[in-house]
Structure formats: structure tokens, C-alpha cells
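1. Give me a model of this one.
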Amino acid sequence: MKIKYKIYGSLALLLMCLCGVALSQEHEAVKMVLDILKGDDQDMQSVAITMVKDMPGAEVTKALAAELPNLSAKSQVQLLSALGDRGDAAARPAVVAAVGSQDQSVRIAALRALGQLGDETTVPLLAQSAAGSKGAEQKAARDSLYRLRGEKVDQVVLDEIPKADAAVKVELIGAAGQRNIKAAVNPLLKTAKDSDRKVRTESFRVLTVVAGPEHLPSLVGLLIEAKSSSDIRECQKTVAAVAHKIEDKNKQAQAVLTVLPKVKPIQSRCALLGVLGKIGDNTALPVLTAAIKEKDAAIQTAAIRSLAEWPTARPMLDLRKIAENSENKLHRILALRGFVRLIGVETRLPDAAKIDLYKKAMSLAPDVNEKRRVLSGLAGTKSREALDMATAYLEDESLYREAEYAVVKIAEGVAAYFPDLAKDTLNKIIKKTKNDTLRELAQEVLDKME
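-> Sure thing, here's the model as predicted:
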């Protein structure tokens, strides 16, 4: 006997009571749910969707999925969500078909559902959808591609990479990183040489995640072969990141140092010297200081840049000497900037000694721009001596903006130790500054002190 239901929002509880009866009559239960989904009562539709999640059997899934195209877009979205929660692969063909819907909300819901229902066969579809869309739709495709389950999914992701066009290839490479597919290293070493720049960049980025120290020789080889400045930068990041996975910090640069003496092209040597600064292995310091003495200016520049971005203050005095004595203006400026940065990195010096170094840097600064950099570095120092030094530049018309900012930041840092001095200094800035943002910042610091 057929059972017909016409139920309104106020009778939602009655529907829940009837679920036990409906579920014992599979065909009628499915029909009841579909009738509700085709209607306009949103409350009842929510209850019906709850029913769909709990109704057992692949035949129920197939019956519901078959009606999917006949529903409104809003009802399709609800049913797709429910089918995804059911986790029954019988719905997969209908969900795949919904990915081609004209309605974006339906496409997004279908893509999300495939994250629960898809398998290795849906890898190409999700990658293509991610490559061909933007915003929420692209995110839904990517999220599902990243969380697909199944023993064969990872291998299919890798197998599809060589076949795909550039945009899809980027998505598949990104998925290899998100899924942490360790077997992706060799394929990515190839795509890192792809003709498309985005593919190369994504390959370097993912190699940072999936490659291990044992792959460093190959990665260094990529760095030697890199031609464009962007590829060199990306590959340097990858080499440094993978090198940092080596526990012994004094062996992190070994792969680079081993091949450096054998490499002759200037661009490749510069790339290798540049990555040493990103790695920060102290065993490389003698190599860099020796490179500064070579005749080629590009080699010298690369070595100085590397020292200037060193993670510790070890090369600080070497950079100071270059800033003082080099005949090359570029080298003096690069060394000075590195010197200033490393003063901030150094944590063992007494406050007075650190201020002496900042004063030395200020005396070496050849122009206003470099003096501003010194003041910016000084702003990170928390001492009374630093506050005195910054305050001295408030009357300099070319530097007062940077000096004001430094004074406020230093005053904030020393407020706990010299509250009266900090308050007095901040009040002076509030009265004098023409910078409304800085005035507000100074007032915020005062309010916190109160």
C-alpha cells in the first residue's frame, strides 16, 4: 500500500516519529524523502536529509542518486551533502555528473562529496576542476583531492602528472605535497625542469616537503642547472629547507661544499654560495670569506650577500670590515646592511656594547636611506642606551620619522624598567609628532602602562 505524506514545518517532529515505519518500507521511505526535497518546506527538508544519512542499503543510495538531477539546485546541494555523509560509492556516478552542473553551488557540493565518495578514478576530475576554477569551487576540488582515500590514489596522482597540461600539473604536484607522498621526489625532480615556470615553482615548493637529506645531491644539481633568477631563488629555498632536516648542524652544508670546488660557471657558483647563507652551517664560513677575496665581483657579491643573511651573528665582524674597507660601493652597502641585521641577532653583548656597534654602523652609512635602516634596526633594542641614541635623532629633519618610531618601540620595550622615562618620552612624541598613526601607537603604549 502506498503511503503519501504532505508534511509542513510544524509537523517536523511527526516525521521523525514516522521514520521507523518509513525505513521498514524502503521504496516508500525514499519516495517520502524525495517528495519533501521537491517541496518548499525548509524545516522538513532538513529532517529528510537527516533521514537520508541513516537509511541503509545501496539500493536506497541508487534511488536517491537517480533523482538528483530532477531536484532544484538547493535540494541537490542538500542531497549531495547527505550522499557524501552516507559514504556509499554507489552514489559516485551521480555525484561525478553533478560536477558538470550549470549551478556553481551544486558543483561545489558535488566536489565536496567526492572527497568522501571518490577514489583513484576521480583524481583527474578533481585536479582538472581545481585547475579550471577559483574561489570556493577551487577550494572544494583541492580539499577533496587532498583527502581522497584508497591505496591507489597516491600512485594515480603521480601517474597523472606527466600526462597533464601545466595548470593541472600544478594541482597534482600540490596534491602530492598535501598528501605527503614521499615517492613523489623523483617525478618532481623532473617537473622542476619543466618548461612552465609555475610548474617548476610548485615542484620546488613541494620538494621542500617530501624530499629528505638523501636527495640533497640531486637538489644541488638542480640548483647548479637553474638558469633564471626566480628558479635559483626557489631552488635555494628548497635546498636550505631540506638541509635543515639534517640533525648535525655542522653537516647541513656538506652536499653544497662537496661540489662547489668542481663548479666553474659563475652563475652556478654564485647560486651555491648564496644558498650557504640560507643554510647557516658554520663550516661554510671559511669558504665564503675565501670567496670574498676572489677576483670576480659577482662571486664576491654572492659571498657577501650570503654572510649578510647568516642566521647567527658569527660573520658580524667580517661584514663590518667589508663595510669599512671595501672599494666597491655595492659591497660596502650590502655588508653594512648585513652588519646592522646581525647586531640585532646578537644576544650576548651588553647593551652599551651593542649601542656602540649601532653608532659605528651609523657612521659608516653613506646616505640617509642607510641611516634609516640603522634606526630601524635600533628600534628592536630594549635598553636605555638605545632610547638615548634614538632620541638624539629626533631633531634631524631627514631622519625624524624613523627616529620617532624607534623611540616609541624602544620606550615600549623599556617601560617596565624605566617607567617614568618611558612615559615622559612617549608624551613628548604624542605632542610633537605629525604622524597620527604613530601618535595612536604611543598612546596605546601609555594606556597599557597605566
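2. Give me the most central residue, this protein.
-> Nearest to the geometric centre of the chain sits Arg205, at 9.7 Å (Cα atoms, centre = their mean).
3. separation between that residue and Glu397?
-> In this view, Arg205 and Glu397 are 45 Å apart by Cβ to Cβ, to the nearest Å. Where you see a C-beta, it was placed from the backbone N, CA and C, and this is true even at glycine.
4. same check, this time on Ile266
-> 44 Å.
5. now for the helix or strand hosting Ala323, which elements pack on it?
-> Following DSSP states H and E, one finds Ala323 within helix 316-325. On a contact count with 3 or more Cβ pairs under 8 Å, 6 or more residues apart in numbering; DSSP states H and E, helix 316-325 meets helix 297-308, helix 329-345, helix 351-364.
6. quick check: angle from it to helix 329-345?
-> 150 degrees (axes from the mean of the first three to the mean of the last three Cα atoms, to 10 degrees).
7. Now helix 316-325: average pLDDT?
-> What helix 316-325 shows for mean pLDDT is 96.
8. Buried residues in that helix, which are they?
-> Using 16 or more other Cβ atoms under 10 Å as the test for burial, helix 316-325 gives Met316, Asp318, Leu319, Arg320, Ile322, Ala323.
9. who's in contact with it?
-> Outside helix 316-325, the residues within contact range by Cβ atoms under 8 Å, 6 or more residues apart in numbering are 289, 292, 304, 307-308, 331-332, 335-336, 338-339, 342-343, 345-346, 357, 360-361, 364.
10. Show me which of the residues you listed are buried.
-> Buried among those by 16+ other Cβ under 10 Å: 292, 304, 307-308, 331-332, 335-336, 338-339, 342-343, 357, 360-361, 364.
11. Relative to Ala140, which of the residues you listed is nearest.
-> Nearest to Ala140, judged by Cβ to Cβ, of the buried ones among the contacts of helix 316-325 is Ala308 at 43.9 Å.
12. picking that back up, pipe the helices and strands packed on helix 316-325 into TSV and attach distance to Thr425 per row.
-> Below are those laid out as TSV (distance: least, Cβ to Cβ, whole Å):
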stretch	distance to Thr425
helix 297-308	32
helix 329-345	21
helix 351-364	16
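13. Compile those helices into CSV and extend it with columns for mean pLDDT and distance to Glu440.
-> Putting those into CSV (pLDDT from 0 to 100; distance: least, Cβ to Cβ, whole Å) gives the following:
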stretch, mean pLDDT, distance to Glu440
helix 297-308, 97, 34
helix 329-345, 97, 26
helix 351-364, 95, 27
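14. list the buried ones in stretch 143-152?
-> Asp143, Ser144, Leu145, Tyr146, Leu148.
15. Output the contacting helices and strands for the helix or strand hosting the second one.
-> Secondary structure here is read from DSSP H and E; on that basis Ser144 sits in helix 135-147. Using 3+ Cβ pairs under 8 Å, 6+ apart, the elements in contact with helix 135-147 are helix 104-117, helix 123-131, helix 166-178.
16. Using CSV, lay out these together with distance to Ala352 and mean pLDDT.
-> Shown next, in CSV, are these (distance: least, Cβ to Cβ, whole Å; pLDDT from 0 to 100):
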stretch, distance to Ala352, mean pLDDT
helix 104-117, 60, 96
helix 123-131, 57, 98
helix 166-178, 48, 98
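17. Tyr405 is nearest to which of these?
-> Shortest distance between Tyr405 and the helices and strands packed on helix 135-147, using Cβ to Cβ, is found for helix 166-178: 39.0 Å.
18. what element comes up after the closest one heading to the C-terminus?
-> Helix 166-178 is succeeded, C-terminally, by helix 185-191 (DSSP H and E).
19. Identify all contacting residues around that next one.
-> 158, 161-162, 169, 173, 176, 199-200, 202-203, 206-207, 210-212, 215, 218-219, 222.
20. Check which residues of that helix are buried.
-> Burial within helix 185-191, assessed by neighbour count using 16+ other Cβ under 10 Å, is assigned to Val185, Pro187, Leu188, Leu189, Thr191.
21. give the contact list for the closest residue in space to Ser228 that isn't next to it in sequence.
-> Leaving aside its sequence neighbours, Ser228 sits nearest to Arg197 (Cβ to Cβ, 6 or more residues apart in numbering; 7.7 Å). Listed by Cβ under 8 Å, 6+ apart, the contact set of Arg197 reads Ser228, Ser230, Asp231.
22. Let me have the helices and strands packed on helix 135-147 in JSON lines, extended by distance to Gln252 and mean neighbour count.
-> Conversion of the helices and strands packed on helix 135-147 to JSON lines gives the following (distance: least, Cβ to Cβ, whole Å; neighbours: other Cβ atoms under 10 Å):
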{"stretch": "helix 104-117", "distance to Gln252": "38", "mean neighbour count": "24"}
{"stretch": "helix 123-131", "distance to Gln252": "35", "mean neighbour count": "23"}
{"stretch": "helix 166-178", "distance to Gln252": "22", "mean neighbour count": "22"}
